[in-house]
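Undergrad: here's my sequence, what's the structure:
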Amino acid sequence: MADSGGGSASAVGRSICSIPEKFQLHIAMLALQFGYAGFHVVSRAALNAGISKIVFPVYRNILAFFLLLPFAYFLEKKERPRITLNFLIQFFLLAIVGITANQGFYLLGLDNTSPTFASAIQNSVPAITFLMALVLGIEKLRLDRKDGISKLAGTLLCVAGASVITLFKGPTIYSPSPRLQAAVAAPEVLAALGDASGKNWTLGCLFLIGHCLSWSGWLVLQAPILKKYPARLSFTSYQCFFGVIQFLVIAAFVERDPQAWLVHSGSELFSVFYAGVVASGIAFAVQIWCIDRGGPVFVAVYQPVQTLVVAIMASLLLGEEFYLGGIIGAVLIISGLYFVLWGKNEERKFAQQAAIESPADHGIERAAPQIKSSITQPLLSQSTHNV
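TA: Numbering: from 1, shown residues only. Below is the predicted model of the structure:
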C-alpha cells in the first residue's frame, strides 16, 4: 500500500512537471487574482458584520508575521544582512506608510464604497508610482518617444478615472434582482451583508486614493532599502511586526472597548484567517514565484482580472450595485494601467536595443535583457499589503 501511494504521488508530481511552465504561470496568476478578489469581498463582509477597523488589521498582521517568520528565518539565513538600528528605523517608517496608513485607508475607503471600486482604483497604483518616481528623479520621461507618451497618457487616464469615481457616482446601472438579493440574505452568515448604502461615497473614494498614495509611496521608498537588505521575507516580517505595534498604539486611543477584540462569529474568524494566511501569506509566495518566472509586466497585466472577479463575487455574495461613475472610472483606470505597462515594456526594448548597438563591452549587452520595470517590480513584489 505504501509503495502504491508513493507511486501515485510521484505520478502526480510527474504530471504536474509535464505541464508547460507558461501554462502553470497562467493558472497561478488566475488563482492569485481570485485569491485577492476574495480578500476584497471577505474584508467587506467583516466590516459589514461589525468587526473593528483597528482590530482587523492587528489580527491580520499578527497571522502574517507568524506565518512568514519561520520561512524568513530558515530560508534567508545566508542572504540576510546583520540587523542594525538604522535598518530598524527604516523598517518602522516603511511600516507607517506601507502597512498602517495603507491598510487603514483601505478599510476606511472600503467601508464607504464597495469591493469592486476599491479593486478598480488600485489599478492606478502603477501610474501613481511612476509619477512619484518621476518627481523624485528615479524615472525619466521621454516625450519624444512613444514609450514616454504612452506612460504620460496612462498616468493622465488613471488620474481622470480616479477623479470620476470620486466626484461622480452617477445613477445605478445594475442592481441584483430581488430574487438574488433574497437568496443572498437567506444564509445567516450573510445576513449583515450588502452595499455601502447610506455611506459617504466621496469620502470613501478619498480614503481609497490615500490608500493608493500610501502604497505607491511605500513602493518608491522600499526600493533603495531592498538593495541594502535583499532578504525580502525578513524585510516583510519586520514590517508586519512594526505594523502590529503601530496599530496597537492607535487602538489604545481609538478602540478602548474590550468587546471589540473578541471574535463574535465564525464569519469574523474566517475573514481574519483569510486576510492573514491567504492574502498575506500564500498569495505572497505565489506572486514571488510568478514574478521570478514570468516577469513583473506579465504579472501586472493580470491585475484588472481581479477587478472583474471582485465585481462578480460582490454582486453574487454581497448584492452590490454598480454605478455609472464607478464603471466609467474603472474603465479609464484600467486603460491607463495598460498604457503605462505598454510604455514600460517599450522603454525596456529601447534600452535593450541601445545596449546591443552600443560599442561598449559585452557585459552591458548581457545585462540588458534583465532590465526590469522600476514601477512594476516593487509594485508586485508584495501585493499582500496592497489591501
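Undergrad: alpha carbons only for contacts and neighbour counts from here, please
TA: Fine.
Undergrad: which stretches of the stretch 1-150 of the chain have low pLDDT?
TA: Residues of the stretch 1-150 of the chain that meet the criterion pLDDT under 70 lie in 1-18.
Undergrad: how about the helices in it?
TA: 2-18, 21-48, 55-75, 85-95, 102-112, 115-122, 125-135, 146-167 (DSSP state H, counting those that start in this stretch).
Undergrad: relative to A279, which of those helices is closest?
TA: Closest to A279 of those, according to Cα to Cα: helix 21-48, at 6.2 Å.
Undergrad: how close does G98 get to V135?
TA: 20 Å (Cα to Cα, to the nearest Å).
Undergrad: in terms of neighbours, single out the busier of the two.
TA: A count of neighbours by other Cα atoms under 10 Å puts G98 above the other of G98 and V135, at 29 against 11.
Undergrad: with adjacent residues omitted, what lies nearest to the more buried one?
TA: Residue nearest to G98 in three dimensions, not counting chain neighbours: W218, with 5.1 Å by Cα to Cα, 6 or more residues apart in numbering.
Undergrad: now do the buried residues in the one helix or strand I209 maps to.
TA: Using DSSP states H and E, I209 sits within helix 201-228. Buried residues in helix 201-228, counting neighbours by 16 or more other Cα atoms under 10 Å, are found at 201-223.
Undergrad: which stretches of the stretch 151-300 of the chain have low pLDDT?
TA: 176-198, 296-297.
Undergrad: count of neighbours near the nearest residue to A283 once chain neighbours are set aside?
TA: Closest residue in space to A283, ignoring its immediate chain neighbours: L32 at 6.1 Å, by Cα to Cα, 6+ apart. L32 sits with 25 neighbouring residues when counted by other Cα under 10 Å.
Undergrad: need phi/psi at S52.
TA: The phi/psi pair for S52 (degrees, to the nearest 10) reads phi -70, psi 140.
Undergrad: excluding covalently adjacent residues, which one is nearest to it?
TA: A260 (6.2 Å).
Undergrad: how about V299?
TA: With Cα to Cα, 6+ apart as the criterion, V299 has its nearest non-adjacent residue at 6.4 Å, and that residue is I291.
Undergrad: elements contacting the helix or strand that contains the one you found?
TA: Applying DSSP H and E as the criterion places I291 in helix 283-294. Under the contact criterion of 3 or more Cα pairs under 8 Å, 6 or more residues apart in numbering; DSSP states H and E, helix 283-294 touches helix 21-48, helix 296-301, helix 376-381.
Undergrad: dump these into a markdown table; add distance to L318 as well.
TA: Formatted as a markdown table, the helices and strands packed on helix 283-294 follow (distance: least, Cα to Cα, whole Å):
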| stretch | distance to L318 |
| --- | --- |
| helix 21-48 | 8 |
| helix 296-301 | 27 |
| helix 376-381 | 28 |
